[in-house]
Structures are given as structure tokens and as C-alpha cells.
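**Student:** Output the structure for:
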Amino acid sequence: MKFRLLVIDDEKNIREGLAEHLSEDGYEVICAKDGDEGWKLFSNGDIDLVITDLKMPQLSGEELMKRILSQSPGFPVIIMTGHGTIDIAVKAMHNGAWDFLSKPIDLDHLSLKIKRALATREMFFQNRQMAEELERKKQFKSIIGNSRNIREIFNTINKVAATKASILLTGESGVGKELVADAIHELSSRKDKPLVKVHCAALSASLLESELFGHEKGAFTGAVTQRKGRFELACGGTLFLDEIGEIDPNIQIKLLRVLQEKKFERVGGEKTIEVDVRIIAATNKDLKAEIEKGNFREDLFFRLNVVNIHVPSLRERKDDIPLLIAAFLNEFAQENGKSIDTIHEKVRSRLYVYDWPGNIRELRNCIESAVVMCQSNIVTVDDLPPAFRSVSDDGMINIKIGSNMADCERIIIQETLSHCKGNKSKAAEILDIGRKTLLRKLAEYELGS
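**Tutor:** Modelled structure (predicted):
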């Protein structure tokens, strides 16, 4: 790939001479006769380095450089100077110029400076990309998992975080919807502004209205002072509305207006307040079903559901259970000043086969309880809460590490058939293979007919 250079000089012979020389060096070169034209060409993009004269009519090389660096920090700009402008060139270096050259230009010297500048530019952008990637990973550190479902959520968050779109998070209680909201805010341009959270189900209709929109002094009994609502407090940032499916129909109307017009009035007030807030809502309800029942406004649903992110239950992402166990075990061991290395294999089996109706919240509580009760360096079944001690792990198949694929397949078929008490049709259904395929495998592994 050729690097693309922009040469700017009001003297035609100089810019054309430089363009010819640099083209011979293997660069793609475009030229501009003054700073204004140069800025337009730079703004169009696809420029890798700028070489500009310092003194030009209208927009000077120094002012052009300031514009470029304000838009693209670290971008390489080489200044060309005539006699009597060395001091200005040195000042330009302090203001961010990569380097400067005095006229008449030593072409070999220029070629060397360009090579160094482009190499540094590549390193700058590589380092910035690495820093951005590390920042992304840091923002996702609270969302533990590497299953396909979770990777898809990471991908979606990266796509939508920088936008202004409203987002609706759906999923069962305890799956981590709030953590997804945190990640979206932290990866957005609003991250330095407030992330304000409201649990809509925890408040009555009148209290929720005041909580969201604020109230004026004397608006109702007990309103002894004016109070700002969560929309005002979140201005410029993000408002997270948890359990949005629980809000009263009258509040839904007022919320719809804020989403449409970006304005509202405090309770008991007449002054219209304008806000810039990004909305992330969450619910464990089927809002389409609630619309059919008349409990939720369809127009509000469409305003909230610009982007939908479904957060899977723990049952749908069981591959992440070992990672979650390890993270929670480490967290609570440190918190309680204990040295716990791992969990017993029987504990692992029981936690894996359990259905987790309470999702990650339930798993977290389970591990915290087990750590508190544990008196050794390994969590055993006896350390688990009572509800988990009776969980059967009979449905687990134990396969030794080091077994080859044929051995694994034979054990799985044998154990599944045993579990089905010899019913080949049922075993084939569980294994998701045809009955004829199962019969062939039984003969192949000499497991009987």
C-alpha cells in the first residue's frame, strides 16, 4: 500500500518539484497551492503525511497545522521555512510539528525525515489501537464469559455504544442486564458524564414521577424544597431505567414525550426543561405481550426498542459457569480473608447440572455462602447451601483427560443408553442422531444390540 502525501506551497515550481521527487520515492502525492485548499484536501481523508510551507497567503502553514492536529492528534506535519522564519519554525515544533526544513530543500534529507515520520505515525496508531483494545477489555471485565452468546453481546455493545440510539435490554432477572448498561455507557462518548440508574419497580407511580422528573416546592405534601429529577441529573450522560415494564401508564405518556421531544416539566412546575440523555431500559417481561394486554404503550416500546440486546440466561450459557465460579471464588475468598484454591469436582458437577432459575445472581450468592462456610482450601458439597447439597449429578458423564475421540464417543453412547434403560429410540433422540446411526455405532463399539 502506497502512503499518500499532501504537499502545500504557494510557489508552483516548489510543490511540483517536490511532488516529482516524492513520486520517485514511491509515494502517492497530491498538491495544494495554499492553506485553504490544503485543508479541504486533508479533510477529505486518506492523507498520511503533510508537508507545508510556513508563510502562505490567507491560511498560514502554522494555522493549518493547528487545525490538523486538533482533528488528528499525533498526525505528522513537516514545515518548510524560508530565510528569517527559523524562530517561527521552532515555535511550530513546540506546537506539534513533526519537523521542519529550511529552503532550498535538501531532497535526500526530506526523504529521510518522511520515512522516519511515517514509521513513527504507524507506531503511534498501533499503540493507540492497543490502548483502545485494552480499554475495551477493561470495560468488559465486569461481564464474565467467553461463550458464543456473550461474545455476540460484546460485539453488539461495540457497535451501538458510540451512537445515540435508545437500547432495550431484555432477559430474565439476575442475568446481568445492569452490567451491560454499564459497559455501553463506559464505551460511549458520554462516559465522563453521569450514568444515573432508576429501579422503576421499587417506586409507586407518584414517587416514580417525582424521581424521574423532579418537583417544585409545594407540588405535594412533603415537597418542602425544589428537587431535580433523574433526567436532569443525567443530562449529557445516560439514564438506565431498570424494570421499565413495571411503570404506570400515566408515567409512560410523560416518558414518551421526553423521548420524542427531549423536554419535560417538573411535577407542579410550568417551566419546560430540555435535556440531552441517552436512554437504556431493561425488563424481564415480554413487552409485546404486555402491549397486547394493554399494560404497555406500543409507541413507547418502539421508542425504547431502537436496539434490542437480549441477555441470555445462565442455562443458555453454561460454558461460562467455570469462569464465573473462578471469579466469584477469588472475589469472596479475598473479601473474607480465606485461602481457597478450588472447588471439589462433585461441587462443580452439581453446579453445572443445576438449572439456575436465579441466574448469575443466584450462582454468585451460592459461591459467597460456600466460601463463608468453607473451613479448608477446597469447597466441598457440605459447604454448599442446603438447596444445592441435594442436587443430583447423576446426569453427568465423567471422561478422563487424555481419552481419544473414539473412547469419548463410546462412553457417551454407553452412558446415554444406560440412562434411557436400553431404549434406543430415546437414546438416539437425546444424542441427536438417527436410530440407524445409533445401531451402527453400537455394533462398531461392540456395545451389544
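**Student:** Below-threshold pLDDT in the stretch 51-200 of the chain: ranges please.
**Tutor:** 83-86, 89, 123-141 (pLDDT under 70).
**Student:** Which parts of it are helices?
**Tutor:** Applying DSSP state H, counting those that start in this stretch to the stretch 51-200 of the chain gives helices spanning 61-71, 86-94, 107-139, 148-160, 177-186.
**Student:** Next, name the residue at the spatial heart of the protein.
**Tutor:** Central residue of the chain (Cα atoms, centre = their mean): I157, 4.0 Å from the mean position.
**Student:** Let's see the distance spanning stretch 190-206 from one end to the other.
**Tutor:** 30 Å (Cα to Cα, to the nearest Å).
**Student:** Just the buried residues of that stretch, please?
**Tutor:** Residues of stretch 190-206 classed as buried by neighbour count (16 or more other Cβ atoms under 10 Å): R190, K193, P194, L195, V196, K197, V198, C200, L203. All C-beta spots, glycine's among them, are computed from the backbone N, C-alpha and C.
**Student:** Let's verify L300: helix, strand, or coil?
**Tutor:** Classification of L300 by DSSP: H, G, I helix; E, B strand; the rest coil places it in helix.
**Student:** shouldn't it be in contact with L259?
**Tutor:** Yes. Contact criterion Cβ atoms under 8 Å: L300 and L259 qualify, at 7.5 Å.
**Student:** The two: which has the busier surroundings?
**Tutor:** L300 (23 against 17; other Cβ atoms under 10 Å).
**Student:** Now do that one against E211, distance only.
**Tutor:** Using Cβ to Cβ, to the nearest Å, we find L300 at a distance of 18 Å from E211.
**Student:** do R410 as well
**Tutor:** Counting by Cβ to Cβ - R410 and E211 are separated by 62 Å.
**Student:** Over to A165?
**Tutor:** A165 is 24 Å from E211, by Cβ to Cβ.
**Student:** Check A282 too.
**Tutor:** 16 Å.
**Student:** same check, this time on V198
**Tutor:** 6 Å.
**Student:** hey, what's in contact with both of these two?
**Tutor:** Residues touching both V198 and E211 by Cβ atoms under 8 Å, 6 or more residues apart in numbering: R230.
**Student:** Is the residue nearest to the centre of the chain in contact with H185, as I believe?
**Tutor:** No. Taking Cβ under 8 Å as the definition, I157 is not a contact partner of H185, at 10.2 Å.
**Student:** any chance you could map the strands in this protein?
**Tutor:** Using DSSP state E, the strands of the chain run over 4-8, 28-32, 49-53, 77-81, 99-102, 167-170, 195-199, 238-242, 263-265, 272-274, 278-283, 307-310, 342-343, 378-379.
**Student:** who does the longest one pair up with?
**Tutor:** Applying DSSP bridges to the sheet, strand 278-283 is found paired with strand 167-170 (parallel), strand 238-242 (parallel).
**Student:** now the angle between helix 177-186 and the last one, please.
**Tutor:** Following axes from the mean of the first three to the mean of the last three Cα atoms, to 10 degrees, one obtains 170 degrees for the angle between strand 238-242 and helix 177-186.
**Student:** before we move on, back to that, out of A165 and E211, which sits in the more crowded spot?
**Tutor:** Set A165 next to E211 and count neighbours by other Cβ under 10 Å: E211 wins out with 21 against 13.
**Student:** residues contacting the more buried one?
**Tutor:** Here E211 is in contact with V198, L203, G229, R230 (criterion: Cβ under 8 Å, 6+ apart).
**Student:** next one: G434
**Tutor:** G434 makes contacts with A428, as judged by Cβ under 8 Å, 6+ apart.
**Student:** same check, this time on L212
**Tutor:** V198, G229, R230, F231, I251, K254, L255.
**Student:** mind checking pLDDT for it?
**Tutor:** pLDDT for L212: 94.
**Student:** where's it relative to V180, distance?
**Tutor:** 21 Å.
**Student:** One more: A327?
**Tutor:** In terms of Cβ to Cβ, A327 sits 17 Å off from V180.
**Student:** Looking at these two, which one has more neighbours?
**Tutor:** The neighbour comparison of A327 against V180 (other Cβ under 10 Å) goes to V180, with 25 against 17.
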